[in-house]
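1. one predicted model, sequence on top.
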Amino acid sequence: MSKKNTIKKREPVLMQGNEAIARGALDAGVNFYAGYPITPSTEIAEIFSYELPRRGGKFIQMEDEIASISAIIGGSLAGAKTMTATSGPGFSLMQEGIGFAKMTETPCVVVNVMRGGPSTGLPTKPSQSDIMQARWGNHGDAPAIVLYPNSVMESYELSIRAVNLAEKYRTCVVLLSDEVLGHMRETVNLPDLSKIKIINRIKPTIPPEWYKHFPENPKYPMPMASFGEGYRFHVTGLSHDEKGFPTNKAKEISLMMERFRKKIEYYIKDIVQIESFFMEDAKIAIFAAGITARAAKEAVMKARKRGIKVGLLRPLTIWPFPDAAVKKYLGDKKAIIVPELNEGQLSLELKRVMGGIWNYEIRKTKNIVELHKNSGELITPEEIFRTIREVK
Amino acid sequence: MSKKNTIKKREPVLMQGNEAIARGALDAGVNFYAGYPITPSTEIAEIFSYELPRRGGKFIQMEDEIASISAIIGGSLAGAKTMTATSGPGFSLMQEGIGFAKMTETPCVVVNVMRGGPSTGLPTKPSQSDIMQARWGNHGDAPAIVLYPNSVMESYELSIRAVNLAEKYRTCVVLLSDEVLGHMRETVNLPDLSKIKIINRIKPTIPPEWYKHFPENPKYPMPMASFGEGYRFHVTGLSHDEKGFPTNKAKEISLMMERFRKKIEYYIKDIVQIESFFMEDAKIAIFAAGITARAAKEAVMKARKRGIKVGLLRPLTIWPFPDAAVKKYLGDKKAIIVPELNEGQLSLELKRVMGGIWNYEIRKTKNIVELHKNSGELITPEEIFRTIREVK
Amino acid sequence: MPKKRNKIEKHKEGTIILTDDSSIKMEVAIDDIKSGEDYEKSPVYIYHDWCKKCGICVAFCPTGALGRKPDGSPFVPHPEKCIHCEMCDRLCPDFAITGAKR
Amino acid sequence: MPKKRNKIEKHKEGTIILTDDSSIKMEVAIDDIKSGEDYEKSPVYIYHDWCKKCGICVAFCPTGALGRKPDGSPFVPHPEKCIHCEMCDRLCPDFAITGAKR
Amino acid sequence: MMTKAIFKKEIRFSGSGGQGLITAGIILARAAVIEKHRVTQTQTYGPESRGGASRADVIISNAEFYFPEATRFDVLITLTQEAYDRYSFNLKDNGILIADNTSVKNITLLDSEVYELPFADIAQQKLGSLLPTNIITLGFLVRITGVVSEASLKKAIRNFIRPQYVEMNLKAMKIGFKLADGYESDL
Amino acid sequence: MMTKAIFKKEIRFSGSGGQGLITAGIILARAAVIEKHRVTQTQTYGPESRGGASRADVIISNAEFYFPEATRFDVLITLTQEAYDRYSFNLKDNGILIADNTSVKNITLLDSEVYELPFADIAQQKLGSLLPTNIITLGFLVRITGVVSEASLKKAIRNFIRPQYVEMNLKAMKIGFKLADGYESDL
Amino acid sequence: MPKISQKAIHKYLRHDKNFPHVWCSGCSNGIVLGATIRAIAELGYKKDNIAMVSGIGCSSRMPVYVDFNTLHSLHGRAIAYATGIKIVKPEMKVIVITGDGDATAIGGNHFIHGARRNIDMTVILINNNIYGMTGGQYSPTTPYGDRSTTTPYGNIDPTFDICDLAIGAGATFVARTTAFHAIEAQSFIKQAFEHKGFSLVEIISACPVIYGRLNKKGDAPAMMKSMKENVLPIKTFEKLTDEQKKGKQKRGIFVNKIRPEYIEEYDKLVRSLQDEKGRE
Amino acid sequence: MPKISQKAIHKYLRHDKNFPHVWCSGCSNGIVLGATIRAIAELGYKKDNIAMVSGIGCSSRMPVYVDFNTLHSLHGRAIAYATGIKIVKPEMKVIVITGDGDATAIGGNHFIHGARRNIDMTVILINNNIYGMTGGQYSPTTPYGDRSTTTPYGNIDPTFDICDLAIGAGATFVARTTAFHAIEAQSFIKQAFEHKGFSLVEIISACPVIYGRLNKKGDAPAMMKSMKENVLPIKTFEKLTDEQKKGKQKRGIFVNKIRPEYIEEYDKLVRSLQDEKGRE
Ligand SMILES: Cc1ncc(C[n+]2csc(CCOP(=O)(O)OP(=O)(O)O)c2C)c(N)n1
Ligand SMILES: Cc1ncc(C[n+]2csc(CCOP(=O)(O)OP(=O)(O)O)c2C)c(N)n1
Ligand code: SF4
Ligand code: SF4
Ligand code: SF4
Ligand code: SF4
Ligand code: SF4
Ligand code: SF4
Ligand SMILES: [Mg+2]
Ligand SMILES: [Mg+2]
């Protein structure tokens, strides 16, 4: 469950976060990118526009974000590994399409490089205010897989992982980043291509007559045919049966809904990744993701130097929320500091989960301490450190 | 805090839920409606298309939902009271616009008559699966006011209330309904127009030079000028200062974000409504909203007849979530049954809130019992009753 | 969208008698069409299971080979007039009639 | 979008001497424009605080009244040539010059 | 069948889209409103706004009630076999079944009061159209059950139906009344 | 200034958009990568993608570190007064300030090592353009601080700058070196 | 125009989906489906090689009935989905089925960009002058003065001429006919299929149950007769006086020209890069 | 075309917002702003009575600088916002400022529907052939072969002729000129303002800092000289041979006609209903 780094290092280079996402996706086999520019995600599109034609892949700039998500879903149905990247305003526009990808179990990856919101907000400033939207932004109720790296190297790794998970679990995976992470440059050691684990969707081998595009049992592998391969299946955003044909039958619909849920629940251990940073003996925990976890780590180091036993628990997988890990690692902490570049989103989840293992002793003490910033600046190590001292 | 019915009754008539929403809005003074048809909300548009021209108001069918929300925000800036209505797919498309309305503090009401999802889903079946989306659907992080009635009469009342709250707190208010509620007909007693409390936005009286469209202090009344009234203010979706001009200054942005939060926090008592139904002596509580609460009431009555002490707590205001009321009424219950037409949304909030008042004694017993249905059919009184018996 | 057609084939009206009722499922029809009885008997074949009685075939048959029963369903009062122009084939929205030469 | 103009007015080059430096704020300029010194002196008035040295006015002045300094900023080497056509007014993207007759 | 005590009647009209079930439901509900009862009327139908299997429920009571859909029917009207097969199980033991045997051929209920008549055929025969089948059935229902008064029904038809069709529908209602009067379950 | 022990240098380039601060930052960061250090380079700028106040940070260390933005600067480069006013407070007590006194006229720091030079003027004078100001400053910085080797800097310039501009930028670098050599703080 | 037998059509239908189909009695959608299949059969396209993509609407229900690779996407987005499919699998024949609302109301942007981009696909737009699926609201093609459920007093919203719009956006094949002119429809669709680039066939169709009823247009045969009388070949139409033109429309092929097709251009680009690499 | 003095222009600017404005040196946006204000000043419109609405983009930054009722809305949506304003306050003069990307990429649908609906507003579309704000990606008007940050090998995406598109959609006033032709721009804008219905003035403009640099078009004066040479009056243009037309564009008023304006039609409807009520 904790973070694995399966990737072997080679020569270090200086790379930008957005570039790392694009390179990761390219290495994972993404061969079709459709997008619409928006700060601070645009570099991702720019790199694809440069790289894909050279590699025989396809890049297209669509007329808007709705067209972009539509095109990558269409492209995925036609057999490509696909990605689009955007930021808040575009992410909002893509919600209907993301829901369609989930409903039709069509693999694709949507990158959201978060900038200050709400609305047009602060296009060149970072935020983490789309965390909840990444889970709940589309109508209807379908689970989400959402990843969020905290370094350039990890942007590369999680980009590969996002593509892999999309292909494996046949869904739209959201990869979050933020303006600072997306634009910062950092030393990275890209692994040998041969060392990277790439997951491709499994193709059906049975005769077309037997093929069910949405088999009842969401056990991996879930073979998926593409258009043009002789399977001639039907895909619709309407509630559908195993063959993909519309249905109004409660039983068939329940099966469909269950499948969406189960294919993630069954494999939750495969999907959830968290990092435990100095948590073994920690009395105080910080729970932070993405760029904010970087400040948290710095603060942890500083506090440890002063003998304060503090650690950081960092979800790399934001959704499904790592309930089990949170319970395990945070259940007995004296205080949990949750710094976020928003009005408090991860902290809401934490409260939800902590409820279930609430400890009578502990409830008398300070527990979840929220630290919000939503003004376009990062939370600094100093600020977290100050909070650590306060709750100590 | 509990539900008030300030409306005096007159002759009973048979009215459809969607019609009640339209009539409520008309009585509340809505004089501009822009929309795009979608099942099961379309009747609302149809009634406005019939009524508004007769009353000197304006109705327009736009080219899509994005245009619809844009037009009503524009119309509101020009001084009208405005509404649009849609369902899941359209609601997803409106998210960027809803965020803009919140950011620019422009009053408007968006009705979402929920149908089965995800995606195109079940257009003619009810669901409650957009509850979380109504809070978190737009990017950035801005509070939401969301109401959800449970009868045709209440559809009328909360429609008025939604318009009033939008005008009062200068924000986009979401009014939820569902396919059954929207299409059902029921006896209603509309109040005398003279008995209805209508809130109109306060107009500034100060000279234009002094006018701040976004004054720092979010205290009611918050005067708001309209276009064409001599104030010539600027409105932008960028983070802005009090005058509405774009800013990148952390301090000004923090003020803006705070204002969004505070204008709701300050007035939470005015905004939150809940119904307490046989809760006084209840050992077991049901927590349900909208159409599902109707089944719950029936189940409560049935259980009470059999001597089971069960009650229903029903939020009419879904967002801001009624934390305080939930704590107060549900804190000491043996079990809380949460029936929902989704995969569990209100129950997540309940867990979050209950965490804070978790009782060591109680945690050993069954506590939150979720009852989900997401297949297009209603949860029946029988099903809830069965659950009551199980947890008893 | 239409209700699923309920076969209410009893008619009180005088002269017209329903003879070409067919409930062959189309899956079967594709291969077995030639073994169908009516198919042999009439130059025009109507699949009543699919026909929605819209009257288009009757209205646009150039020769008047087709007629319409009181309940709206088409029939072939004048088989001899059929010139196999296939107008009915092309204009039937329900793939429920063919006047093709066999 | 441009950097805010930093007034770096020192020049090492020989002959051209900067005479029409003006830092009158535009708010003031509107009402007080006539009291400005340069305004009296020259038929063309340049608001250097707003000018972004794009060279458009110089390029399209039909008479050659305007010239460009090495740093790109416009000046009026030939005031006598100005015919008050206001081409510079209309083409300046920054409302930073006027050749209007007064 | 009506008493002055507390009563609550759950009535389901079932069949397929286009048979006017919802119209019948609304008219019945309106008639009940005229009588100052509490009423809910709900319905379900197929994808988007038309077609497929369809039903309309009316619940009428003189007391407060909550759940708006009929769950245990006092009266079930079935105009198709499919509807019968689906819903007959939830008819109360002492409930009333009204079936159009033009379509519903296979009735298995034993305990209930069952009325079978070829309503559609009758409509076609007597009024030259299938459309008023719903109102014939409704008239039949009202006279058999007395759930609302016939005057209220008439008033509701007048109020709800467009002027040009009122006459025909009143005729249909009366045909329904007559059928109820003359009904012999062996026919 | 470099030691073999653990070191970490936080360097901020500040000024306004279009002054090439980010380019300078990237080149410095690349030079550090060549030396196998851990490096982060971040920046901020105004609305959408261009303009306004701007800064670029480079952190160089031979050990693991986490927060990517400079918070207490070892070296601060300010090309505008505004930048100076905003950031000078966060210069470490023993930090180094490099200011372009073409624009930064008002320097209040006392404790720190302060270098003031008219970099922009020098660029205009010596290279006929303001553009290479950033590289002159960078050359100056590297020779003064030794945070990376000059060979690495040269390599980084060669790698990063488009071929047609490499010559001019190497020239600029050398001007920077020279200025550092000849610097007398009284000038 | 060779005749394609009814029997042959059945080979293209998905019999596992319940027929009769979901469309109302007399609805033109079925006729268009027939014409489309006939055109495909005529051209001998392989089923595996056809992707049929639609949005949402009555007309957009078509894909479920045919045994191709079928995608019933989101309201208005069919062309964008189709673009993704085509660019990834250029060897596939991509057909978009859409309605007047789907293509020109909510989907207007993808429609004009499809036309501009000239990516090879055929859009069959079934124009019934109304939103059928949602029960009869006015669409961008509902004629002036007509009733819909959201124009209870008659429509005042001006209409698109869909073909003009496509032409303005740069479409390279633009044709209009009606469901009544089924043979012409088949022929235009066939020509559109054979056209390299973005092709549009607008088919004026009858929605007797919603639009027809709301506007007292009579039953399906009556509506189709009206198409016969009022939708005239271009030349016939042009000869009319302005007065006579009222209430009439033209049909025919308005544009049929060649512009570089997007994917071919893309391939050229890719090849040029590979050449470059080769030289390196 | 009376001259409007620079001083008069300043009366319309919001001096509390820092000038110099945010646009780059030589950017045409300022010239268009000037022409717009001059047209307004000439017509004597009251500031209170003007609503200026924009989307997102460099060009769309304009409203913040002028002392009207100003709305900087969402990317692509300006016309939809403007529609809401106009329909609620028909007495206001509604001006939309938009870019090529804003209006014809993401905003294409609202653009064509605005043109169709013929609601009274003036759209001033500043076409710099690029997405300026986001740093230079290609737009639907970036010429074939040109560089942008997302066409590193040259653009293959075909372009819209924006005026043709508007005409195809039904616009009643359509004109094109350039930032160089500032006097003509002022005149066209003025005529557009006076036109009853949806009017479009496309102004070809120079983005020297992004588009110019990426495509080696020289500095602002050079780009404007190119406008002068390559964007020709309709008549001059039409006289050229096909060969000569390459790289050239027409400018002038392409359409100027009267169709019923939407709000007038609506008012008629309302009046007819009131009459009806009166008779009841
Ligand atoms: C985003 C979204 N908005 C609205 C709808 C509702 N809707 C479904 S079909 C339709 C109109 C269909 O009209 P048209 O495309 O003309 O097809 P027709 O039914 O007339 O064939 C609408 C508005 C939807 N499904 N999704
Ligand atoms: C929904 C959304 N998508 C993308 C963007 C990013 N964006 C801002 S401006 C712009 C393009 C602007 O181009 P144009 O309209 O031509 O204006 P210009 O900057 O060239 O004047 C884009 C893509 C955004 N702000 N919102
Ligand atoms: S084939 Fe022609 S002539 Fe024969 S029935 Fe059909 S339409 Fe009439
Ligand atoms: S056209 Fe087809 S559906 Fe219509 S009546 Fe004739 S056979 Fe039946
Ligand atoms: S007014 Fe005309 S002549 Fe005078 S400086 Fe300006 S452009 Fe030149
Ligand atoms: S046109 Fe304006 S901004 Fe440009 S150089 Fe001349 S005065 Fe300066
Ligand atoms: S509603 Fe109209 S378009 Fe839809 S299926 Fe029925 S007739 Fe056809
Ligand atoms: S980027 Fe281009 S369009 Fe934007 S302000 Fe600069 S020059 Fe103008
Ligand atoms: Mg339609
Ligand atoms: Mg542009």
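-> Good, I have the coordinates. Ligands and ions are numbered 1, 2, ... in the order given.
2. residue 62: neighbour count?
-> This is for chain A. By other CB atoms under 10 Å in any protein chain shown, the residues close to A:Met62 number 25. Glycine gets a C-beta too; all of them are placed from N, C-alpha and C.
3. try again with chain E
-> Neighbours of E:Asn62 under the rule other CB under 10 Å: 17.
4. touching, it and E:Ile6? I think so.
-> Yes. Contact criterion CB atoms under 8 Å: E:Asn62 and E:Ile6 qualify, at 6.2 Å.
5. how deep is A:Ile66 tucked in, by neighbour count?
-> Residues lying near A:Ile66 (other CB under 10 Å) number 29.
6. pretty sure it sits in a strand.
-> No. Read with DSSP: H, G, I helix; E, B strand; the rest coil, A:Ile66 is helix and lies in no strand.
7. quick check, pLDDT for the closest residue to it other than its chain neighbours.
-> Leaving aside its chain neighbours, A:Ile66 sits nearest to A:Leu93 (5.4 Å; criterion: CB to CB, 6 or more residues apart in numbering or on different chains). Among the per-residue scores, A:Leu93 holds a pLDDT of 98.
8. check the secondary structure at A:Leu93 for me.
-> Criterion first, three-state DSSP; result for A:Leu93: helix.
9. from what I can see it touches B:Glu96, true?
-> Yes. Using CB under 8 Å, A:Leu93 makes contact with B:Glu96 at a distance of 5.6 Å.
10. give me the common contacts of these two.
-> Counting by CB atoms under 8 Å, 6 or more residues apart in numbering or on different chains, the contacts common to A:Leu93 and B:Glu96 are B:Ile66.
11. residues from chain G in reach of chain E?
-> G:Val22, G:Cys24, G:Met133, G:Thr134, G:Gly135 (CB under 8 Å from any CB of the partner chain).
12. of those residues, which ones also sit close to chain C?
-> G:Val22, G:Cys24.
13. in chain C, which spans are helices?
-> C:26-32, C:37-41, C:56-60, C:87-91 (DSSP state H).
14. which one's more surrounded, A:Leu93 and B:Glu96?
-> B:Glu96 (31 against 28).
15. for that one, give its distance to B:Val109.
-> To B:Val109, B:Glu96 is 17 Å away according to CB to CB, to the nearest Å.
16. what does chain E have sitting close to ligand 5?
-> When proximity is defined by CB under 6 Å from any ligand atom, chain E lies next to ligand 5 nowhere.
17. CA atoms of the longest helix along chain E as CSV?
-> Under DSSP H, the helix in chain E containing the largest number of residues is helix E:163-181. C-alpha atoms of helix E:163-181 as CSV (Å, rounded to 0.1, in the frame of the first residue of the first chain):
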residue,chain,number,x,y,z
PRO,E,163,-63.3,22.2,-25.1
GLN,E,164,-63.5,20.5,-28.5
TYR,E,165,-63.0,17.0,-27.0
VAL,E,166,-65.2,17.4,-23.9
GLU,E,167,-68.3,16.1,-25.5
MET,E,168,-66.7,12.9,-26.7
ASN,E,169,-65.1,12.3,-23.4
LEU,E,170,-68.3,12.8,-21.5
LYS,E,171,-69.9,10.3,-23.8
ALA,E,172,-67.1,7.9,-23.0
MET,E,173,-67.6,8.4,-19.3
LYS,E,174,-71.3,7.6,-19.7
ILE,E,175,-70.4,4.5,-21.7
GLY,E,176,-68.2,3.5,-18.7
PHE,E,177,-71.1,4.1,-16.3
LYS,E,178,-73.4,2.0,-18.4
LEU,E,179,-70.9,-0.8,-18.7
ALA,E,180,-70.6,-0.8,-14.9
ASP,E,181,-74.4,-1.0,-14.5
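18. mind listing the strands for chain G?
-> G:50-54, G:69-72, G:93-99, G:121-127, G:173-178, G:198-204, G:231-233, G:249-256 (DSSP state E).
19. thanks a lot, see you next time.
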